[in-house]
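Engineer: Any chance you can model this:
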Amino acid sequence: MTIAFAPTSKPLPPVRAITATASCAYNASSSYTPCSSSFSNRSKIQLRNGRKSSPLLIKCGGSGAVQEIDESQFDDVVLKSTCPVLVEFVATWCGPCRLVAPAVQSLAKEYESKLTIVKVDHDANPGLIEEYKVYGLPALIMFQNGKEIPESRREGAISKSKLKEYIDKYLESVSVV
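Structural biologist: Coordinates of the predicted model:
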């Protein structure tokens, strides 16, 4: 069997690239604007502890929450902090970042008296990405007294139990110093 296609005088339409965009807003009054992205499916609502929540929303600010910061806030929040700070470099298009987000949020509540956990958006903060040479996402870096703790850098997805071991290891080393 042979299939023949008749030539047409109309050219085919160009192929479109689909891109994802996202925006979050944080203000100092601990209120937040939910992150919105063009690729998220807002109709998929999950039930967690009887409450509706969207898996792609990040609560910025508040007690025990992971705070999203940018380059202008990095010095004050991370480098001038009196307690250890875990910085998570993420991107909205990064699947492993979304996979790790619930574990990071849970541990932010668990360690809120010992550790500050913040997120930095990869795409919105190229200066920090270049300065700290972030090559893989998600990237975790621990800071103490305004400096990166040596060998505290970790890249890629991590389970909650391994993340807890990672945090405990560096919190113990910080308390000894």
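
Engineer: any idea how far residue 115 is from residue 125?
Structural biologist: Between residue 125 and residue 115 the computed distance is 21 Å (CB to CB, to the nearest Å). Where you see a C-beta, it was placed from the backbone N, CA and C, and this is true even at glycine.

Engineer: Flag the shaky bits of the protein, pLDDT-wise.
Structural biologist: For the chain, residues meeting the criterion pLDDT under 70 lie at 1-63, 175-177.

Engineer: for it, what spans make up the strands?
Structural biologist: 22-26, 32-37, 46-48, 51-53, 67-69, 85-90, 116-121, 139-144, 147-148, 154-155 (DSSP state E).

Engineer: Sheet partners, orientation included, of the last one?
Structural biologist: The partner list of strand 154-155 in its sheet, established with DSSP bridges, is strand 139-144 (antiparallel).

Engineer: quick one: the partner strand to strand 116-121, angle?
Structural biologist: Orientation check (axes from the mean of the first three to the mean of the last three CA atoms, to 10 degrees): strand 139-144 against strand 116-121 gives 140 degrees.

Engineer: Direction-wise, compare strand 139-144 with strand 85-90 and give the angle.
Structural biologist: Strand 139-144 and strand 85-90 are oriented at 160 degrees to each other (the same axes, to 10 degrees).
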